[in-house]
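J.: Return a 3D structure for these sequence lines:
(chains A and B)
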Amino acid sequence: MTTYSTMKNSVKIVLIISLAVLSSNNMIGQSAREISDKAANAIDFPSMEMTSTLKIYDNKGRERVRQLVTASKKFNGITKTMIKFTAPADVKGTTMLVFDNAESDDDMWIYMPALRKSRRIVSSEKSKSFMGSEFTNADMSRPILDDFVYEILREETIDGISCWLIEARCKDEDVEDKNGYLRRVSWIEKGTYLTHKVAYYDLDNELYKVQYTRDFRKQSSGGYFAFFMEKENVQNGRKSIMAIDKFQEGSSMSESAFSPNQLGK
Amino acid sequence: MRDLLIIKHRWLVIIATLLVVGIAVFPLFNSHINPDIESYLPETMPARMSEEKIQEIFGESDPIIILFETEDVLNDSTLKRIRSLSKGFNRMKEFDMVMSLFDAKNIKGEYGSMIVEPVIERIPNTDKRRESLREEIIANEQVFKLLVSEDFRYTIIILNSKGDFPDEVLMEAVNGSLEEFPGDEKVTIFGHPYSRYEVNNAVARDFMILMPLGLVLMFVFLIISFRQKRGAFLPFLVVIFSIVIAMAMIPLLGWEISVIGILVPIMLIAIANDYGIHFIAYYQELITAHPDMPVKQIVTEAIRYLKKPIIMTGLTTIVGVGGLLAHIMLPARQMGVAAGIGIAFAVLLSLVFIPAVLVMLKKGKIPESSSGKGNTLMDRILSSIARYTTTKPRLVIYFFATFLIIVVFGLSRFQLAADSSGLFSKHHPYNHTLSILNREFGGTKSLRVVFEGDIKDPAILNRMDYYEKEIKKLPEVGNVTSIASIIKIMSKAINDPGDSLYNRIPYTREGVAQYLMLYSMSGDPEDFEDFVDFDYTKALFSVQYQADNMNTLRKIENTVLSLIAADANVTMVGGYSLVEKDLNQAVADGQVHSLLFAFIAIGIVLCIIFRSIYAGILGSLPLLFTIISLFGLMGWLGIELNIATALLSSIAIGLGVDYSIHLFWRLKSEVKSGSNSEEAITVSLRTVGRGITINAFSVIIGFSVLFLSAFPYIRSFAFLIITSIALCLLASLVLVPAICMLSTPKFLKK
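T.: Numbers count the residues shown, from 1 in each chain, chains lettered A, B, ... in the order given. As a prediction, the model looks like this:
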């Protein structure tokens, strides 16, 4: 998958929605893979609009702030996401358009108002940073279930929430190279399938990045949406925060607005 | 006649000496060696200050470079090896920046999109793929001729350390990895961590093997000259004891031993046996002159006669090395203090310990030459010198003047060492690698300029671009990199050829910001860390070039500095080669200051001792002659002045005056006893001249062993010591007597 997924995926992860509260009976005997699948399903979101702030910190605590307006909608099985920068001033108006093709590579365009030009972006690595932040394209997008081998490590309570600790280990070296990590461990809340914390281990199996998802708010549809996501690289001390300022389910935008030719118009 | 205290309490003197030296051995175990010479640069030195600040923001500029040579570096096994090595190095905590074919990025435009990808994503498995990779590399201006040579025979891995790892650790990491992933390529290593490591190991090992051998030869020579074991043993013990005391002072004063610190024992080997040798020589002379005189009386008489010249020579030598206190490099000042203390101790031992031991020994068989009437080769040579200087003094003076004029011309060819490449022979892998890096990879020197301000401002970027174009016109410059060059590469990927924005900096700040934004969608956030800081307020402009001498270094530096002189956004200029250049310059300047100081101080001391200004001038003459000739010869022979060779002139200072003082003292005593100039000179040369010659030759023979070393550095070191001693010897024993012959100085008659 490509960087395209970035925004949409940030949407996906950030937006973790519980589908249903399962009975305790159903929970018995669930495999690690099933739990992971449900946690991934929990974030599929047909359409929405939001404004958010991305803050990127270096190891000295210096800050870069970007403000974004995002709209996402599904047309004929393709989720189309548009992300427009509103700040800082020098990139204001820069717009990204991402088509999440279910079967093939994603398409991504960027419109640069200063050049009055739009360009396609191609990037082959999922381990790439998302807009210079600690978030990567890989962890912004829905993981490919078959790329990993799953295992329930144990159960643990964090912040008073009872969770499964699910390990997802890359199945081979290609997958490791593509994702940039060896394995990840997720804290998935029992019942809601909300993922509260993910720990990533690098190719030397040393703790690399830790991601927290917080401030889940119940939406009108009954699902939950996380308004805060933080990811820290514990090896170099860099940190990024994604905070949602405004969120609404559904979008009134037409399909033509999501056209590469319409970018910047 | 009452016994001197030294003679009366001879056992006490011997025991006390052994006790002091024995105790001084303990601090030696607390010695710490600090091989990093730059750490001693004055902290206020601009190049060092800037470079340290630049390192804080952009990291080190002193990399280890591993060079691989093979038929075609794009072959399967070489690429696999480079990939494994690069992966390994990237995982090591010792290195914070690894650059290889597998770390470099390819920024290109394709079908209306910008692509940022590793140069080699997959190792090509067919010839066709290999050739298309080759074409991509040729088109990549960040890789071609920077990481791969034009003919694809060479490729390099560049490793930047985090700076706080010792050279051994880094080199073990590198060597370990190279062994873990073996291959058929010829692999050589370049970089200061490597050269320092080589010097600290190979050079030091060479030194440690050869120097004791030299000491043995020196010892044998002393035995042959004096025909008595005590003649070798006692001056020798004085040298060893004074070295122990001097080296013990370093940890006791809370210092670390620097690379320069190794010169302390060498200086003492050359200087400290002087006093003992003269004592033995005079002792032997008295025995032959007065065969019936009891030992006690002989020793007493020797002390009486020698205490003044020995103390005076010691004093002038201490003042001479004390000139190092005026040096700007801390280790040179420390060397001055330690060597000074060692010399003082040697003087004390020569006047106290040697007599105490001699008094307890029987006279033994004394060689005839000690009386000044022998017929050995040395005696005959000294007689001829006496004959020539007394019969043809003008000729002798003309000869010296001609020699001086010739060597003075050499001063114009005299050069400061620009870097450490002179450490190794031309055939050493280090210099082989250096020449390939210069020929194929744009050079090994770097100069770094920091711009501060709004780095996204096209005005700043356009200026950087202009400087880059101008600097690239210099033939020595291999590459110039900055965020401006990266933005231009992006402009080629984003825009089509012919487009007004193609291959240039965007017109607006927004344009720049949006290029960078576009890159951040597809590249790595760390890709620009070498060029610009996190908040785009500081940018690094690096010039990579080659220079094998100070003039080229200065030319590049001056060109860059004059270009950027009026730029208000330039805040710092640094780079390792600049620090290295300033270091060598500082050493040379420091040495000039030390020499001037020593020169004046010694002149004054001589004036006071002999109560004559003329004595001050005449006594300093051998010193002046030696130093001018030494630097002139270095110019003629192409020996560059570096840290070690600069400090060697202090040895000349230590010895140059000693020889003249001993000679003056004897001349004075001969003139006093009624001899005319001719007789006084002849007797002095054959008696004290013998002591001076034995002293000089023992040192020359000892150091000549260093010519066996494989390192030109050590060989030129030996050459310079030997030459300076030989020049001092000639000036003192030939020139000074000739001048005295022309007009007997009044101070000798006082």
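
J.: Please count neighbours and contacts with C-alpha atoms only from this point.
T.: Will do.

J.: Relative to the whole chain's centre, how far out is stretch B:310-328?
T.: Put simply, stretch B:310-328 sits 21 Å off its chain's centre (Cα atoms, centre = their mean, to the nearest Å).

J.: residues making contact with it?
T.: B:42, B:275, B:332-337, B:339-340, B:343-344, B:347, B:586-587, B:590-591, B:593-599, B:601-602, B:605-606, B:609, B:650-651, B:653-655, B:657-658, B:661-662 (Cα atoms under 8 Å, 6 or more residues apart in numbering or on different chains).

J.: can we see that at 6 Å?
T.: Contacting residues not belonging to stretch B:310-328 are listed as B:332-333, B:336, B:340, B:590, B:594, B:597-598, B:602, B:650, B:653-654, B:658 [Cα atoms under 6 Å, 6 or more residues apart in numbering or on different chains].

J.: Show me what from chain B comes close to chain A.
T.: Within chain B, the positions near chain A by Cα under 6 Å from any Cα of the partner chain are B:113-115, B:510-511, B:513-514, B:520-522, B:524-525.

J.: Among the residues you listed, which has the minimum pLDDT value?
T.: Across the residues of chain B next to chain A, the member with the lowest pLDDT is B:P525, scoring 65.

J.: picking that back up, can you list the contacts of stretch B:310-328 in JSON lines and add secondary structure, pLDDT and distance to A:K92?
T.: Output for these, formatted as JSON lines (DSSP: H, G, I helix; E, B strand; the rest coil; pLDDT from 0 to 100; distance: Cα to Cα, whole Å):
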{"residue": "B:A332", "secondary structure": "helix", "pLDDT": "82", "distance to A:K92": "59"}
{"residue": "B:R333", "secondary structure": "helix", "pLDDT": "86", "distance to A:K92": "60"}
{"residue": "B:G336", "secondary structure": "helix", "pLDDT": "89", "distance to A:K92": "65"}
{"residue": "B:G340", "secondary structure": "helix", "pLDDT": "93", "distance to A:K92": "71"}
{"residue": "B:G590", "secondary structure": "helix", "pLDDT": "79", "distance to A:K92": "57"}
{"residue": "B:S594", "secondary structure": "helix", "pLDDT": "80", "distance to A:K92": "63"}
{"residue": "B:F597", "secondary structure": "helix", "pLDDT": "83", "distance to A:K92": "67"}
{"residue": "B:A598", "secondary structure": "helix", "pLDDT": "82", "distance to A:K92": "69"}
{"residue": "B:I602", "secondary structure": "helix", "pLDDT": "85", "distance to A:K92": "75"}
{"residue": "B:S650", "secondary structure": "helix", "pLDDT": "71", "distance to A:K92": "68"}
{"residue": "B:I653", "secondary structure": "helix", "pLDDT": "75", "distance to A:K92": "72"}
{"residue": "B:G654", "secondary structure": "helix", "pLDDT": "72", "distance to A:K92": "74"}
{"residue": "B:D658", "secondary structure": "helix", "pLDDT": "87", "distance to A:K92": "80"}
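
J.: Quick one: the residues you listed as a markdown table, columns for neighbour count too.
T.: Listed next are those as a markdown table, based on neighbours: other Cα atoms under 10 Å in any protein chain shown:
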| residue | neighbour count |
| --- | --- |
| B:A332 | 29 |
| B:R333 | 19 |
| B:G336 | 26 |
| B:G340 | 25 |
| B:G590 | 22 |
| B:S594 | 25 |
| B:F597 | 21 |
| B:A598 | 26 |
| B:I602 | 27 |
| B:S650 | 24 |
| B:I653 | 30 |
| B:G654 | 31 |
| B:D658 | 28 |
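
J.: can you name the two of these that are farthest apart?
T.: B:G590 and B:D658 (23.6 Å; Cα to Cα).
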